[in-house]
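In: turn this into a model:
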Amino acid sequence: MMYDLYVRDTVHDVVYGINGAILSYGQTGSGKTFTMIGDAASYEHRGVAPRAITQLFQEINSRVELEFLVSCTYMEIYNERIYDLLVDVANPEIGSEYTIVEERDGRGIFVRGLTELEVRDEASALNLLFTGGLSRTTATHKLNKRSNRSHSIFTLYLQQRQRSGVSERIVHSKLHLVDLAGSERLKKTMDSVDGTMGDEVTRKESMAINRSLTYLEQCVVALTRKGQTHIPYRQSKLTNILKDCLGANCNTVMIACIWGEASHLEETVSTLRLASRMNRVVNESTSVESVDPTILLKKQEKLIKALKQELLMHDALVERTGMVYDNYTPEQQQSISQMIEKYVGAPEKEEEEILEIDTFRKMLEICKQFKKKLLEARSASLGVAGRIGQGGDFYADSKEGGGLLMDATGAVAGMEMKGMMTGTAKEVGGAAVAGNGRGGFALGDAKLDARPLNGIETAANFIAPPKSPTSMRGGAGGNGGGASGFSPRRGGAGDSSVKSLSRSPDRLDALLAGGDASQSLENYVKADEEGAQLFAQYSQGKKAVKELRNKVRTLTMEVNAAKIEIDRLNQELDQRKQVRISQARAQAQAKGGSDDVVDGEEMRLVRELKDAKQRYRNHFEQLSNKQKEMQSAQQDADQAKSSLVDAWQQWLNQGTSTKKTLDFSLAGGRDTYFDDVQQQPGDATDELDDQEAFDKLEAERVMSNDPDSMAFFTAQKTRRANLTQSGGNLKMLQKNKRFS
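Out: Sure thing, here's the model as predicted:
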């Protein structure tokens, strides 16, 4: 009831983009961890955190039009130091220091360096919650045999976007599940002031816990004061990490846990006083959105392409030909370069006729080409001026194959001279002649071996070394996925409704002796009116049980068929996702961007999967109801059978029949007259070993009671296995934390 009243709405808003936080606060031993985690062995008594995870994934599965990415982190703050609870417990070494950072347009405050794992379903998240909880630091004192010595924070991060890919918006949200360490008074938790080494460590831990909780209370008090400008978030790591939850963009729920004994009245009043102050803190909750740059870039590219097409259509209507809206090709750039050279050497009267500027883009390209030529000419003039001294002219090469005749000051002195000397070793056709104040120019083309060995002194300065070729390499990669599931079968342990009819009571075994019991019973039914009525009641009950058994068998087949359909759709959906991801990566390598958009076929599979899950739940609910009806009918039939046998025995004892004993003909352990249930073909189970058979029966028992508890059951089973396998490593990890 507490979860439905105070927590359910907060978890619901997380799926819609509003941050949420649930904190448990109180004195040590008051039930904070039990409130957050609950009983590890009971699904009915599970805590707030498992219920929140279940609700979260139920909400996600109901919104098939959105694609969710869920990840989680799990940490503890022990003695003002952060530890990662999701690291491998097989390596019991103290973790490194972590950094608390803030991301403005995303997840807000988070701890950089923590292990962040993606979770796809409820079972994975519960597995991390329970397994990570095994690594928490605990100790024993007078008020609690297993007292948590650290604050733990389990955080779920959500990112949601449209599956269709029409929007570049990404909605971010997170859910904090915080189990705070309990405040302690040393005179109540420690036996004496002077203790052992363990007591000394516990005393230091209590001081660190009380100090961090005091800083938390100071932040709450500062938030409730009017005109308070400074909030001391940075006093401790706990308040710094929970900055978003205290007076910021978050729906925060604090659960106050108290003792009921009068001896803890002072701590109870302190806890309720902080809860009252926390109730006065006002948070403004809004959704946090960011933009996916890849999708935004693709949208802009599509828009630009559409606008270019629109301009081309407009140019065609007004008979404007030769318009270019894309990047200029090298041939077009060469044409503009030639036009500029012609413009430079043309008389003033012909300048306007040479330049043709009909678009703004063409004007920009003309300016770029003119700037390029000016920089080349200036660079060439500065490089040669030091060798030829002042005065005289020289020829500066050009990358386009021509050149300009320039003087030593760098001013343009003539038109382009095509076919003259170029700036590469393979195209050198002449030499620059300079010296004694006289000018030089190219004399024409000549072969490379025609040059004199001791030629002009400065000729080598005009020869550029050949360029070395370069190679490019690339690669691609991909991955695959799979799916797995659990398929329930009928006839499991703990499900008495699918077993055969109950045998006769044990007291009837003493009556099973030689004789024709069937004939004696037939005589009793024909001779006695009460016997006829009892036999009719028993026959009707047995018939009802048969009909209900057939309906149960039919519904079981429908449940199995729905589960098989769910497994098939999950497998197809995973395969399509892998293909889509591989194609997006290939496009990203080929074009520098990816188009990861869900197609119509994948959306169809998602809708079919949702419908199949709904059918599975409906059939399972009908199956459970029919099983209960069959159990009730079976009990009625057994009661009628017992009444009939009692009346029959009384009739025999009164001497109505010459038969003083009862003889039931038994075949295969069943009563041939009462229980004519036939063994149905295909009921034999597959051959399994003892452990597999036990796991199967246990899973079927869980599914028969509540199918929603299967994820919790699987996570608890994994937790017990990890506790058994890594018990020594966990003890070593605890020791390293507390006594290092």
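In: what residues of the host helix or strand of Phe57 count as buried?
Out: Using DSSP states H and E, Phe57 sits in helix 48-62. Going by neighbour count (16 or more other C-beta atoms under 10 Å), the buried part of helix 48-62 is 48-57, 59-60. Every residue, glycine included, has its C-beta placed from N, CA and C.
In: likewise for stretch 1-17?
Out: For stretch 1-17, the neighbour count (16+ other C-beta under 10 Å) marks 3, 7, 10-11, 13-15, 17 as buried.
In: which members of those occur in helices, if any?
Out: Per DSSP state H, helices hold the following members of those: 10-11, 13-15.
In: which of these lies closest to Ser263?
Out: Of all those, Thr10 has the smallest distance to Ser263: 33.8 Å, by C-beta to C-beta.
In: pLDDT value on the spatially closest residue to that closest one that is not a sequence neighbour, please?
Out: Spatial nearest neighbour of Thr10, excluding adjacent residues (C-beta to C-beta, 6 or more residues apart in numbering): Gly20 at 4.3 Å. Among the per-residue scores, Gly20 holds a pLDDT of 94.
In: which residues does Gly20 bridge with?
Out: Gly20 has these beta-bridge partners by DSSP bridges: Leu175, Asn251.
In: which of the buried residues of helix 48-62 sits closest to Gln27?
Out: Of those, the one sitting nearest to Gln27 (C-beta to C-beta) turns out to be Val48, at 18.4 Å.
In: tell me the contacts of the closest one?
Out: If you count contacts by C-beta atoms under 8 Å, 6 or more residues apart in numbering, Val48 has them with 3, 7, 22, 24, 35-36, 38, 177, 255.
In: scan this protein for its longest helix.
Out: Identified as the longest helix of the chain according to DSSP H is helix 529-591.
In: that one: how far from the chain's middle?
Out: Centre-to-centre, helix 529-591 and its host chain are 28 Å apart (C-alpha atoms, centre = their mean, to the nearest Å).
In: could you check the angle helix 8-15 makes with the helix holding Phe57?
Out: Using axes from the mean of the first three to the mean of the last three C-alpha atoms, to 10 degrees, the direction of helix 48-62 lies 50 degrees away from that of helix 8-15.
In: let's see helix 48-62 as CSV, backbone CA atoms only.
Out: Taking Å, rounded to 0.1, in the frame of the first residue of the first chain, the C-alpha atoms of helix 48-62 are listed here in CSV:
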residue,chain,number,x,y,z
VAL,A,48,10.6,-0.7,-3.0
ALA,A,49,13.6,-1.1,-5.3
PRO,A,50,12.4,-4.5,-6.9
ARG,A,51,8.9,-3.1,-7.3
ALA,A,52,10.2,0.0,-8.9
ILE,A,53,12.2,-1.9,-11.4
THR,A,54,9.3,-4.2,-12.2
GLN,A,55,7.0,-1.2,-12.8
LEU,A,56,9.7,0.6,-14.8
PHE,A,57,10.0,-2.2,-17.4
GLN,A,58,6.3,-2.7,-17.5
GLU,A,59,5.8,1.0,-18.5
ILE,A,60,8.6,0.7,-21.0
ASN,A,61,7.1,-2.4,-22.7
SER,A,62,3.7,-0.7,-23.0
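In: tell me the mean pLDDT for it?
Out: Across helix 48-62, the average pLDDT comes to 92.
In: and Leu265, how many neighbours?
Out: Neighbourhood size, Leu265 [other C-beta atoms under 10 Å]: 11.
In: and the helix or strand it falls within, what's buried?
Out: In the assignment (DSSP H and E), Leu265 maps to helix 265-279. Buried residues in helix 265-279, counted by 16+ other C-beta under 10 Å: 267-268, 270-271, 274-275, 278.
In: and if you look at stretch 140-148?
Out: Buried, per 16+ other C-beta under 10 Å, within stretch 140-148: 141, 143-144, 147-148.
In: nearest to Met732, of those?
Out: Scanning these for proximity to Met732, where the rule is C-beta to C-beta, the winner is Asn148, at 18.7 Å.
In: for stretch 241-252, list the C-alpha coordinates in PDB.
Out: What follows is stretch 241-252 as a C-alpha-only set of coordinates in PDB (Å, rounded to 0.1, in the frame of the first residue of the first chain):
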ATOM      1  CA  ILE A 241      25.900  13.200  -5.800                       C
ATOM      2  CA  LEU A 242      22.300  13.800  -4.600                       C
ATOM      3  CA  LYS A 243      22.400  17.500  -5.700                       C
ATOM      4  CA  ASP A 244      19.800  16.900  -8.400                       C
ATOM      5  CA  CYS A 245      17.500  15.200  -5.800                       C
ATOM      6  CA  LEU A 246      17.600  18.100  -3.300                       C
ATOM      7  CA  GLY A 247      15.900  21.200  -4.600                       C
ATOM      8  CA  ALA A 248      16.600  20.600  -8.300                       C
ATOM      9  CA  ASN A 249      15.000  18.900 -11.200                       C
ATOM     10  CA  CYS A 250      13.700  15.700  -9.600                       C
ATOM     11  CA  ASN A 251      10.700  14.100  -8.000                       C
ATOM     12  CA  THR A 252      12.100  13.000  -4.600                       C
END
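In: cool, thanks, signing off.
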